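[1] Quick one, what's the 3D model for this:
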Amino acid sequence: MFRRNSSAQETETVAGKVGGKGRPTPSRKEAEAAARARAKVPRTRKEQAAAQRAARGDNSRKMREAMKTGDERYLPSRDRGPVRRFIRDFVDSRFSFIELMIPLLIISMILGYSRSPGLVQLGNTVLFTTLLVIIVDIVMLRFRLRRELARRFPDESAKGAVLYAAMRSLQMKFLRLPKAQVRIGEKLPESYR
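    You can find the predicted model right below:
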């Protein structure tokens, strides 16, 4: 008879608990039933449509969750990759006058509908000043972003990066998707690989 050492038996038991799968092994009957259910081909158009609808619903649920958490696996292709993640963080970490655009446009619209010519003129001034500040802000964003991309990602193509950043910066911060992962003024990490 072969007897095991008690310490080896304890080690084996502990290793089984730590590295275990957390559920019992299914019986052969259960495993075969699960395999048949996965391999079952829909027989009618109605079943096929239901299966496709369920798959689309699952994919869109995963994508919505990824938009909130920033999970790269389920993001749309336009938002994937370290360069795009850096651009999102770069735009989200800076204060932008563009975020004030909607309130200022509403104010200029209200002033434009007033009967007083002085208030209408003030509304026009607010509108054109807002547009000028936004154009200057986007130009400054372009130069800073291109410099940072050249420094951090010298081998990567920056094609479409400025447009991606400008479109993201034109949105109010709480409406941006994927959701902002950094706060305004937060220092960005050096590596995005």
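
[2] and the chain, what are its domains?
    48-80, 95-175 (automatic domain parsing).

[3] JSON lines please, covering those and showing mean pLDDT and distance to E32.
    C-beta: built from backbone N, CA, C; applies to glycine. JSON lines is the format used below for the domains of the chain (pLDDT from 0 to 100; distance: least, CB to CB, whole Å):
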{"stretch": "domain 48-80", "mean pLDDT": "86", "distance to E32": "21"}
{"stretch": "domain 95-175", "mean pLDDT": "90", "distance to E32": "49"}
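
[4] which of those domains is buried the deepest?
    domain 95-175 (a mean of 14; mean count of other CB atoms under 10 Å).

[5] Nearest to A34, out of the domains of the chain?
    With CB to CB, the closest approach to A34 among the domains of the chain belongs to domain 48-80: 16.5 Å.

[6] Quick one: distance of that closest one to the chain centre.
    Taking CA atoms, centre = their mean, to the nearest Å, one finds the center of domain 48-80 at 12 Å from the center of the full chain.

[7] E186: how many residues sit nearby?
    Counted with other CB atoms under 10 Å, the neighbours of E186 add up to 13.

[8] hang on, the earlier thing: the domains of the chain: which one's closest to A37?
    That would be domain 48-80 among the domains of the chain, by CB to CB, at 11.9 Å.

[9] before we move on, back to that, of all the domains of the chain, which one comes closest to R23?
    domain 48-80 (22.1 Å).

[10] The nearest residue to T69 once chain neighbours are set aside: what secondary structure?
    Distances taken as CB to CB, 6 or more residues apart in numbering place K179 nearest to T69, at 7.6 Å, with adjacent residues excluded. Under DSSP: H, G, I helix; E, B strand; the rest coil, K179 falls in the coil class.

[11] Hmm, A66 and K179 touching each other?
    No: judged on CB atoms under 8 Å, K179 makes no contact with A66 at a distance of 10.0 Å.

[12] which SSE is the spatially closest residue to L119 that is not a sequence neighbour in?
    Leaving out its chain neighbours, the residue that sits closest to L119 by CB to CB, 6+ apart is L111, at 4.9 Å. Assigned by DSSP states H and E, L111 belongs to helix 101-112.
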